[in-house]
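Engineer: pasting the sequence and the predicted coordinates here, then a few questions.
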Amino acid sequence: MKIGIAGAGAFGTALGVALALDGNTIHLWARDAERVTQMQETRENPKLPGVTLPQNMTFSAALEPLFACDTILIAIPAQTLPAFLTANVEALTGKTLVACCKGIDLQRMTGPASTIRDLVPHAQAAMLTGPSFAADIARGLPTALTLACADDALGAMLQTALSTTSIRLYRTTDTIGAELGGALKNVMAIASGVAIGAKLGESARAALITRGFPEMQRLALALGAQPDTLAGLSGFGDLVLTCTSDQSRNYRYGLALGSGTDFDLTTTVEGVATARAVRQLAQELGIDMPICAVVADLTEGKTDVATALNTLLSRPLKEE
C-alpha cells in the first residue's frame, strides 16, 4: 500500500519508518527542501537521529507526490493544520486524511479530525493518537494506539492498513474523545513538569495527574465525547506517558517553567496553545478546569510559578 505522510518531524518520520519496514511504500513530504536533500543523501532525518530510513521511503518538498497517495497521514502541528488544509483543499478532496497531531486550534476551537471534516468536507477524516514517542516507534518497540474514525467501516480498513508488527491499533468511532484526550493530556504534562521542576516531588505530580484526569473528562463529556474513550489509550494512557517522561516536549517545557531555566522556543509545544483554547472553552461552558487555567496563565506570563501553585493548593477542601 502506498501511504503519504505530510510532515517530516520526528513523529511523522517514525510512523513512516514503521510502516515502510512492514512492506508499505511511503512518501514523506517535508516543507524544508534542505532536509529532503539530507534525507536522500544520508538516509537519516536529523529530527530522528540514529534511525536509518528504509529504501521504500521517498521524500520531497513538492506536494504533488504526496497528493498522488490516496491515504495521507498528516503529522504537522495542530496550529498550522488549518492553513495546510485550506491551501490544498482541492488536492485533498476525496482522500483519506488521518490526523496524527494533537491539540485544539485556537481560532476554530476544534481538534484535528474535526478541523479536517470542516475544511475538507469531501475527504474522509480519521485520527491516530495515543501513548507513543517517535523514538520508540522508529526502533520497533511495541506501541498501542487509538484509530478514531466516525465511519466504522473506513476505520476497520485503516486499522488493518496502518497496523504493523510493532504498532497495534484499537478502533473507535468517538473522534471527539480521541481528539480531546490527545490534546488535553499535553496541558497536564506541562503542569506535571512544573511540579517536578519546582521540586514539589513525585507525590505532587501524582496528585496533578489524578486531579487533571477529571478535568479532561469534564470538558470532553461536555463536548460530546464518550466516557470510555478518555479512560483508554487516547486519554488516560497518553496522560500517564506524557506526564512522566523526559521524552515529552510538553513535560520538558513544564520542567523549564518550574525550574526557571531556558527552553528552546523553536520546539513545538502543543500544550501551550491548547491550554489557552481550553481556558476559553471552559469559561464559555461554565466548566471548572483550574489546572488548565493555571497552565494557560503561566504560559502567557500572567502569573508566576509560586502564585500558580498557591492558587491550586488553596482551593476549597471537598470530597473526592
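Structural biologist: Good, I have the coordinates. Numbering: from 1, shown residues only.

Engineer: chain center to the longest helix seen in the chain, what's the gap?
Structural biologist: Criterion DSSP state H: the longest helix present in the chain is helix 175-197. Mean-position distance between helix 175-197 and its chain equals 10 Å (C-alpha atoms, centre = their mean, to the nearest Å).

Engineer: for stretch 102-112, same thing?
Structural biologist: With C-alpha atoms, centre = their mean, you get 11 Å for stretch 102-112.

Engineer: kindly check the end-to-end length of it for me.
Structural biologist: 7 Å (C-alpha to C-alpha, to the nearest Å).

Engineer: for the protein, what spans make up the strands?
Structural biologist: Applying DSSP state E to the chain gives strands spanning 2-6, 25-29, 57-60, 71-74, 96-99, 124-129, 143-148, 167-172.

Engineer: in stretch 106-124, what counts as buried?
Structural biologist: By 16 or more other C-beta atoms under 10 Å, the buried positions in stretch 106-124 come out as T110, G111, P112, A113, S114, T115, I116, R117, L119, V120, A123, Q124. In short, each C-beta sits where N, CA and C put it, glycine included.

Engineer: pLDDT for these - can I get that in a markdown table?
Structural biologist: As requested, the buried residues of stretch 106-124 are exported to a markdown table (pLDDT from 0 to 100):
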| residue | pLDDT |
| --- | --- |
| T110 | 96 |
| G111 | 96 |
| P112 | 97 |
| A113 | 97 |
| S114 | 97 |
| T115 | 98 |
| I116 | 98 |
| R117 | 97 |
| L119 | 98 |
| V120 | 98 |
| A123 | 98 |
| Q124 | 98 |
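
Engineer: okay, the residues you listed in a markdown table with distance to L66 next?
Structural biologist: Formatted as a markdown table, the buried residues of stretch 106-124 follow (distance: C-beta to C-beta, whole Å):
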| residue | distance to L66 |
| --- | --- |
| T110 | 23 |
| G111 | 22 |
| P112 | 17 |
| A113 | 19 |
| S114 | 22 |
| T115 | 18 |
| I116 | 15 |
| R117 | 20 |
| L119 | 17 |
| V120 | 14 |
| A123 | 14 |
| Q124 | 16 |
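
Engineer: closest to the centroid, which residue in this structure?
Structural biologist: Nearest to the geometric centre of the chain sits K102, at 2.6 Å (C-alpha atoms, centre = their mean).

Engineer: how close does that residue get to G130?
Structural biologist: Distance of K102 to G130, given as C-beta to C-beta, to the nearest Å: 10 Å.

Engineer: shared neighbours of those two, anything?
Structural biologist: G182 (C-beta atoms under 8 Å, 6 or more residues apart in numbering).

Engineer: for stretch 216-228, what is the average pLDDT?
Structural biologist: On average, the pLDDT along stretch 216-228 is 95.

Engineer: so D297 is in contact with L309, correct?
Structural biologist: No. When contacts are counted by C-beta atoms under 8 Å, D297 is not listed as touching L309 (11.9 Å).

Engineer: ok, back up a step: list the buried ones in the longest helix of the chain?
Structural biologist: Under the neighbour-count rule (16+ other C-beta under 10 Å), helix 175-197 has 175-197 buried.

Engineer: again with stretch 18-31
Structural biologist: A18, L19, A20, L21, D22, N24, I26, H27, L28, W29, A30.

Engineer: repeat for stretch 1-9
Structural biologist: I3, G4, I5, A6, G7, A8, G9.

Engineer: list the contacts of that stretch.
Structural biologist: 12-13, 15-16, 19, 24-32, 35-36, 39, 45, 47, 59, 65-76, 84, 100-101, 134, 161-162, 268.

Engineer: contacting residues for A61?
Structural biologist: W29, A30, R31, D32, A33, V36 are the contacts of A61 under C-beta under 8 Å, 6+ apart.

Engineer: could you do P46 as well?
Structural biologist: P46 neighbours (C-beta under 8 Å, 6+ apart): R35, Q38.

Engineer: quick one, helices of the stretch 151-300 of the chain?
Structural biologist: 152-162, 175-197, 202-222, 227-230, 238-242, 249-259, 270-285, 290-299 (DSSP state H, counting those that start in this stretch).

Engineer: out of the ones you listed, nearest to L169?
Structural biologist: helix 152-162 (4.8 Å; C-beta to C-beta).

Engineer: one step back: nearest to K95, of the helices of the stretch 151-300 of the chain?
Structural biologist: Using C-beta to C-beta, the nearest of the helices of the stretch 151-300 of the chain to K95 is helix 152-162, at 11.9 Å.

Engineer: report the buried residues of the closest one.
Structural biologist: Quick answer for helix 152-162 (16+ other C-beta under 10 Å): G155, M157, L158, Q159, A161, L162.
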